[in-house]
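[1] sharing a model that was predicted from the sequence below.
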Amino acid sequence: MGGPLRCLLFLSSLLLLSLAADSAADALSNGIGGKSIHEFRGFYKREHSLIKPYQGAGMEIPNWDLNGGVMVTPHYIRLTPDEQSRQGAIWNRAPVHSRDWELTVSFKVSGATGDLFGDGLAIWYAQDPNQMGPVFGSKDYFRGLAVFLDTYSNHNGPHKHGHPYISAMVADGTAHYDHDKDGTHTQLGGENTGCEAKFRNKEHDTNILIRYVGDTLSLFIDIDGKMEWKECMQVNNVHLPTGYYFGMSATTGELSDAHDIISVKMFEQEYSRVEKLGEINSDRIVPHAEFQAAPRDHSDDPPPSKLGFVGTVILVLIGVVVIIGVLGYGVLYFKNKNERQRKRFY
């Protein structure tokens, strides 16, 4: 058998194995929807988990760092109180060496009733922990994965969805999260990949499952208290390295909410991978995804009118007066014209 033919057969085999692996990952993910939130898969990793009651001495929790205005109680960890301009974050000290994993986060977001609240929280798998910043309380230009639970719409442009809204972003350290556009410029899977989730002010705990298995990222939620998972989004061909850190952060601005973490549970998953070229050393993989919104330059929204409300009202009134004057002049003109025409016939 000739060399070129052997090479072709080898590449074809790799392609078939890769397709089979993707199908297996999809099948495993699709089998989670409708399952109980108490049904766990894989091996529990205590060093990456948080289980109440929290009995750390003062502000200390084993294996976790606390940043900003975090408050620890026996039953929850409050990232931010329901106050303006607050930030808080917790970061796991242990790097994740599991290639495939599931992370379940139980949380609560509460505040004043109504349509105005903010800003939201984020769940991270990132290279650089413990760095506060403008992206839901953590740094911009990050490397890794972020899942955003965004409670306030900063942008009413191209996207049609309401808020609260859950989406994700994978970045290699060069992409900017544009908060003014709700991150739609760099959203994983494209601008419409995510789900609305009305998780504020629930009497029960709300839950999210982040599953990364076989280069497939899947998000499932339990918002309505049914104790079963509902799919939020799924994106294939997401490439993440090992050795990064889990974290949760939150922020408030002019509007506010209390953001609480109830528990975090991490499970290592068993999965037979077909390692692609360049992914043999999993800790050296550059975070990237093949399906996400193409990065675009930030474009500022048109500036508001300098006239203000009163000036705008006066301008409208002037316009109405001008229109009435033009119509009145037209009526008088045609009336006088008709009178002159009648006089010419007498």
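    Received the coordinates, thanks. Everything numeric here is computed off the predicted structure, so don't read it as measured data. Numbers count the residues shown, from 1 in each chain.
[2] report the buried residues of stretch 102-117.
    Taking 16 or more other C-beta atoms under 10 Å as the neighbour-count basis, stretch 102-117 is seen to contain the buried residues 102-111, 117. C-beta: built from backbone N, CA, C; applies to glycine.
[3] can I get these in JSON lines with distance to Phe267?
    Written out in JSON lines, the entries for the buried residues of stretch 102-117 read as follows (distance: C-beta to C-beta, whole Å):
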{"residue": "Glu102", "distance to Phe267": "5"}
{"residue": "Leu103", "distance to Phe267": "8"}
{"residue": "Thr104", "distance to Phe267": "8"}
{"residue": "Val105", "distance to Phe267": "13"}
{"residue": "Ser106", "distance to Phe267": "14"}
{"residue": "Phe107", "distance to Phe267": "18"}
{"residue": "Lys108", "distance to Phe267": "22"}
{"residue": "Val109", "distance to Phe267": "24"}
{"residue": "Ser110", "distance to Phe267": "28"}
{"residue": "Gly111", "distance to Phe267": "31"}
{"residue": "Phe117", "distance to Phe267": "32"}
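[4] could you dump those into CSV with secondary structure, distance to Asn201 and pLDDT added?
    Compiled in CSV, these are given as follows (DSSP: H, G, I helix; E, B strand; the rest coil; distance: C-beta to C-beta, whole Å; pLDDT from 0 to 100):
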residue, secondary structure, distance to Asn201, pLDDT
Glu102, strand, 27, 97
Leu103, strand, 24, 98
Thr104, strand, 22, 98
Val105, strand, 18, 98
Ser106, strand, 16, 98
Phe107, strand, 13, 97
Lys108, strand, 9, 96
Val109, strand, 8, 94
Ser110, strand, 5, 92
Gly111, coil, 7, 88
Phe117, coil, 9, 71
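[5] how about the strands in the stretch 101-250 of the chain?
    Taking DSSP state E, counting those that start in this stretch to define them, one finds strands in the stretch 101-250 of the chain at 101-110, 120-126, 143-150, 165-172, 195-196, 206-213, 216-222, 230-235, 238-239, 245-251.
[6] go through those and pick out the most buried.
    Ranked by mean neighbour count under mean count of other C-beta atoms under 10 Å, these are led by strand 245-251, which reaches a mean of 27.
[7] can you name every helix or strand that the very next helix or strand once past that strand contacts?
    Scanning the chain past strand 245-251 towards its C-terminal end, the next helix or strand to appear is strand 258-268 (assignment: DSSP states H and E). Counting contacts by 3 or more C-beta pairs under 8 Å, 6 or more residues apart in numbering; DSSP states H and E, strand 258-268 packs against strand 43-44, strand 77-80, strand 101-110, strand 245-251.
[8] got CSV for the ones you listed, with distance to Cys232 too?
    Output for these, formatted as CSV (distance: least, C-beta to C-beta, whole Å):
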stretch, distance to Cys232
strand 43-44, 23
strand 77-80, 21
strand 101-110, 13
strand 245-251, 17
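[9] between the ones you listed, which gets nearest to Leu121?
    Leu121 lies closest to strand 245-251 among the helices and strands packed on strand 258-268, at 3.8 Å (C-beta to C-beta).
[10] what's the angle from the closest one to strand 101-110?
    20 degrees (axes from the mean of the first three to the mean of the last three C-alpha atoms, to 10 degrees).
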